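Asks: What follows is a protein structure lacking sequence information:
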C-alpha cells in the first residue's frame, strides 16, 4: 500500500488553507481523510497536472470529464462539501492555488508537481468546446453553441428527460411523477397565457415540441415553434405527425431574430432566454414585443442569478461555458424585468419556482444513473459524465439559493390600458 492519498491530502490542505472535507483514494490504493465522508477517487496522477496548469474549477472539470477523478458515495454530499472550499471562494480560490508568495504553499505546489509527473499539460477532453475569437451571439455562433448542447443525440435525451421530453423546470406536487410535473408546468404556462381555441402561439426555443403539442392538443391553438437544433426539429416533427397535429403545429429551424410572421396572440419562451446573452437581451425583448398583437401575452421562463455588487465583475462559470452551455449567460431577475419593461411590456406576474428545479434536476440525474450504459453508448463516457456533474451541481445551486428560476408574465398592453387580465390574475392556480 502506497502513501499517495496522505501526501495528496496534506498538500491539498496546504494549498487550500483549510481541512479537506472529503476522503481521498489515490491510484495506488491508499486512502486518507475523514472516515465516513464521500470519497474523491483520484484514478490517475494526470489529474494533478490538469490542476497545476488550470487551478480550480476548470482543472477539476477536465479531470472529471476525462474519468481521472470520480466520487464514490453521495455525489450531492461531495459537491456540497467541496463547493465551500473551491467554488465559493471567489478570487481567494485562485490565490490558494497560485501560491506566489506563501512559502508553505509554494512548497506544496512543488510537491504536487513531483507527484503529478511530467510538466506538459494533458490536452482537454474531446467534449470541451473549441471556440474561435469573435463577437458573442452572432446568429452563426449561437447556432453552433445550440448544436453543441442539444445535438448530442435524441436517444440520450430520451433517457435523461423521460417520456415528457421537456428540458426545463417541472412544476411539482407531492407524490407526482416527473411526467406529471412536466405536464403541470406546460399547462400552467398555457393558463397564464390565457390560450383559447384559434389563438396563434409562438414557442421560442421549442425543443422537442412538447409545449407546442400540449397547447395544440389541449387548447386548440395554432403553434409555430422555432429552434436552432436540427435534431430537435426532426424529432418534434415526427412526434407531432404521430399525434396527428401537423395541421396545427409548424416547427422551424429558425433564429428568433428572423421570425417575421406576427402578430401572435401569445409567446412562450421556456428555458431559452439563458442563451440570448447580455449583448442581445434588449433585442430579444423588443423582437418578442413586436411579434405580439396588442393585448398579447409573453411567458418568459428563465434561470436567474443574484446581482453582483459590481456587475462588470460577472463571469460565466468555466465548466458550464466550456462543456454545457457555450456562451450562455444568466441575468438577475430585476434586470430581466427592467429589460422587458423597457421594450414596452407591462410585467404583471412573477413566480419564483427555484425549489421545483432542484427536484427536477435530481430526477434527471436519477434517470441518467439508472440508464448509464445506454447513455454512454448513445453519446460518450465523457459526455455522460459532463451531464451528471452539471445536473447534480445545479441541483445543489438551486437548493442553496445560488441561482433561481422564474416565470415572468408580461403583456403588450394597448394604449387603452386594457390588459385583458382578470382583477385577481392568479386564478390559473
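Replies: Received the coordinates, thanks. Source: prediction; values computed, not measured.
Asks: So residue 323 sits against residue 128, correct?
Replies: Yes. Assessed by Cβ atoms under 8 Å, residue 323 is found in contact with residue 128 at 6.0 Å. The C-beta positions use only the backbone N, C-alpha and C, and glycine is treated the same way.
Asks: Between the two, which has more neighbouring residues?
Replies: When neighbours are counted by other Cβ atoms under 10 Å, residue 323 and residue 128 differ, and residue 323 comes out ahead with 28 against 19.
Asks: Where does the nearest residue to the more buried one once chain neighbours are set aside fall, secondary structure wise?
Replies: Spatial nearest neighbour of residue 323, excluding adjacent residues (Cβ to Cβ, 6 or more residues apart in numbering): residue 386 at 4.8 Å. Using DSSP states H and E, residue 386 falls within helix 381-399.
Asks: Check which helices and strands that helix sits against.
Replies: Judged by 3 or more Cβ pairs under 8 Å, 6 or more residues apart in numbering; DSSP states H and E, the packing partners of helix 381-399 are helix 57-65, helix 75-83, helix 154-161, helix 318-319, helix 354-370, helix 372-378.
Asks: if we can go back for a sec, the residue nearest to residue 323 against residue 65, yeah?
Replies: Yes. Contact criterion Cβ under 8 Å: residue 386 and residue 65 qualify, at 5.7 Å.
Asks: can you list residues touching both of these two?
Replies: 127, 323 (Cβ atoms under 8 Å, 6 or more residues apart in numbering).
Asks: Phi first, then psi, for the residue nearest to residue 84 when sequence neighbours are not counted.
Replies: Excluding the flanking residues, the one nearest residue 84 by Cβ to Cβ, 6+ apart is residue 21, at 7.3 Å. The phi/psi pair for residue 21 (degrees, to the nearest 10) reads phi -80, psi 0.
Asks: residues in contact with residue 21?
Replies: Contacts of residue 21 (Cβ under 8 Å, 6+ apart): 34, 37, 81-82, 84-85.
Asks: Just the closest of these to residue 167, please.
Replies: residue 82 (26.4 Å; Cβ to Cβ).
Asks: Could you report the neighbour count for the spatially closest residue to residue 71 that is not a sequence neighbour?
Replies: Once flanking residues are discounted, residue 71 sits nearest to residue 78: 4.6 Å by Cβ to Cβ, 6+ apart. Neighbour count of residue 78, defined by other Cβ under 10 Å: 21.
Asks: Please report how far residue 78 lies from residue 41.
Replies: Using Cβ to Cβ, to the nearest Å, residue 78 is found at 10 Å from residue 41.
Asks: One more: residue 279?
Replies: From residue 279 to residue 41 the distance is 41 Å (Cβ to Cβ).
Asks: ok, the two, which is more surrounded?
Replies: residue 41 (19 against 12).
Asks: Quick check: the more buried one touching residue 67?
Replies: No. Using Cβ under 8 Å, residue 41 makes no contact with residue 67, being 10.1 Å away.
Asks: Moving C-terminal from the helix holding residue 386, which element do we reach first?
Replies: Toward the C-terminus from helix 381-399 - assigned by DSSP H and E - lies strand 404-411.
Asks: could you give the mean pLDDT of that following strand?
Replies: For strand 404-411, mean pLDDT rounds to 98.
Asks: now stretch 30-44
Replies: Averaged over stretch 30-44, pLDDT sits at 95.
Asks: Over to stretch 286-301?
Replies: Mean predicted confidence for stretch 286-301 is 98.
Asks: what does it contact?
Replies: 168-169, 189, 192-194, 202, 204, 256-257, 259, 262-271, 273, 336, 340, 343-345, 405-414, 418-420.
Asks: and if you look at stretch 395-407?
Replies: Applying Cβ under 8 Å, 6+ apart, the set of residues contacting stretch 395-407 from outside is 76, 79-80, 83, 169, 188-189, 192, 299-306, 330, 333, 336, 349-358, 361-362, 365, 394.
Asks: Mind giving me the PyMOL command for buried ones among the residues you listed?
Replies: The PyMOL command for the buried members of these (criterion: 16 or more other Cβ atoms under 10 Å) is given here:
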select buried, resi 76+79+80+83+169+188+189+192+299+300+301+302+303+304+305+330+333+336+351+353+354+356+357+358+361+362+365+394
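Asks: I'd assumed residue 171 was in contact with residue 188.
Replies: Yes. If you go by Cβ under 8 Å, residue 188 and residue 171 touch, sitting 5.5 Å apart.
Asks: Check the gap between residue 415 and residue 346 for me.
Replies: Taken as Cβ to Cβ, the span from residue 415 to residue 346 is 12 Å.
Asks: try residue 85
Replies: For residue 85, the distance to residue 346 equals 45 Å [Cβ to Cβ].
Asks: higher neighbour count, these two?
Replies: Shown here are residue 85 and residue 346; by other Cβ under 10 Å, residue 85 has more neighbours (20 against 14).
Asks: where does residue 255 fall, phi/psi-wise?
Replies: According to degrees, to the nearest 10, residue 255 has phi -70, psi 140.
Asks: what's it in contact with, if anything?
Replies: Contacts of residue 255 by Cβ under 8 Å, 6+ apart are 139, 142-143, 226, 228.
Asks: Buried ones from those, can you make that a ChimeraX selection?
Replies: Command for ChimeraX that selects the buried part of the contacts of residue 255, burial taken from 16+ other Cβ under 10 Å:
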select :142,226,228
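Asks: Now render the contacts of residue 255 as JSON lines, adding distance to residue 311.
Replies: Putting those into JSON lines (distance: Cβ to Cβ, whole Å) gives the following:
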{"residue": "139", "distance to residue 311": "26"}
{"residue": "142", "distance to residue 311": "22"}
{"residue": "143", "distance to residue 311": "28"}
{"residue": "226", "distance to residue 311": "30"}
{"residue": "228", "distance to residue 311": "28"}
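Asks: Count residues in the vicinity of residue 212, would you?
Replies: 29.
Asks: can I assume it is in contact with residue 249?
Replies: Yes. Counting by Cβ under 8 Å, residue 212 does reach residue 249; the two are 4.9 Å apart.
Asks: Give me the common contacts of those two.
Replies: 223, 225, 240.
Asks: between those residues, which has the most around it?
Replies: These, ranked by neighbours (other Cβ under 10 Å): first place residue 225, 30 neighbours.
Asks: Secondary structure class of that residue, three-state.
Replies: The three-state label given to residue 225 by DSSP: H, G, I helix; E, B strand; the rest coil is strand.
Asks: in the stretch 1-150 of the chain, which spans are helices?
Replies: 4-16, 46-53, 57-65, 75-83, 91-97, 103-116, 139-150 (DSSP state H, counting those that start in this stretch).
Asks: quick one: buried residues of the first one?
Replies: What that stands for is helix 4-16. Quick answer for helix 4-16 (16+ other Cβ under 10 Å): 4-5, 7-9, 11-12, 14-16.
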